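1. Provide a 3D model corresponding to the input given below.
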Amino acid sequence: MNRRDFLKLAGLGTAAVTAGVSFRLAHWWDQLPSTDFEVLSDEEAAITASIADALFPGDVGSPPMPNGIEVGVVEKFDAYLAGLDDASADGLRMLLHAIDDMAVFGDLSLTRFHKRPRSERIAALEVWENSGMMVRRSGFRALKYVLSNQYCNHPDVLAAAGIHYSCGGSV
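-> Next up is the predicted model:
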C-alpha cells in the first residue's frame, strides 16, 4: 500500500469513527424519560439495574443481604437525578451510557454491558474502578457513591447488616 492510499484509508476511518461517536452521543443525549421514571429512559433504567445488580448482588447470609434491584436502587437513583440540576443529571446519565457502550470495546464481543451476565458485569466495573485514567475512575466512583447511598439507606439493607436505629430518637 502506498502512502496516498494509506492516508485516504486513515481519513475515511477517522471520519467513520467521528460519525459513529457523534451518533452515539446524540442517541445518549436525546432519550426521553420512561413513563415509569422522571429522568431515566427505559434503556438508562436497564443499565442502572444491571449496574446495581453487579454492585449489590445480595448474598445468602443470615439474614440475607438484599439485591440492589430488590431494594429499588433504580427508582431511588431516578428520584436523585430529578433533584439535580440538568447538567449534573445529564453527566451521570452520559456515564451510564459510557459504561454500557465501552463494554463492547473492552473485549470486542459486541455485547453491551447491561446484556451481559453478572460475572462479566462485575469484572467490567472492576476495570472502571481501577482504571489508570483518572477521569474514568473518578466518574465511576462518583456514580458508585450515589448508587451506594441509595442502597445502603434502605431499611432491609440496614437490618441485614445488623444496624438498628430510628430517626425519631428512640431505639
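2. how about the helices of this structure, start to end?
-> 3-29, 42-55, 73-82, 86-107, 118-129, 134-152, 155-160 (DSSP state H).
3. I'd like the mean pLDDT over the third one, please.
-> I take that to be helix 73-82. In this model, helix 73-82 has a mean pLDDT of 96.
4. buried residues in that helix?
-> 73-78, 80-81 (16 or more other C-beta atoms under 10 Å). Where C-beta positions appear, they are placed from N, C-alpha and C, glycine not excepted.
5. and those, which two are the farthest apart?
-> Val73 and Leu81 (12.4 Å; C-beta to C-beta).
6. on that earlier part again, want to throw the buried residues of helix 73-82 into a markdown table with distance to Asn153?
-> Shown next, in a markdown table, are the buried residues of helix 73-82 (distance: C-beta to C-beta, whole Å):
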| residue | distance to Asn153 |
| --- | --- |
| Val73 | 10 |
| Val74 | 15 |
| Glu75 | 13 |
| Lys76 | 8 |
| Phe77 | 12 |
| Asp78 | 15 |
| Tyr80 | 11 |
| Leu81 | 16 |
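7. quick one: low-confidence ranges for this structure?
-> 1-30, 60-62, 107-108, 166-171 (pLDDT under 70).
8. spatially nearest residue to the residue nearest the centre of the chain (excluding sequence neighbours)?
-> The geometric centre of the chain, computed from its C-alpha atoms, lies nearest to Leu96 (C-alpha atoms, centre = their mean), at 3.8 Å. Leaving out its chain neighbours, the residue that sits closest to Leu96 by C-beta to C-beta, 6 or more residues apart in numbering is Ile47, at 4.6 Å.
9. how close does Asn130 sit to Arg112?
-> Distance, Asn130 to Arg112, using C-beta to C-beta, to the nearest Å: 21 Å.
10. mind listing what His114 touches?
-> 43, 46-47, 49-50, 100, 121 (C-beta atoms under 8 Å, 6 or more residues apart in numbering).
11. with respect to Ala89, which of those residues is nearest?
-> Looking across these and measuring by C-beta to C-beta, the closest to Ala89 is Ile47, at 14.6 Å.
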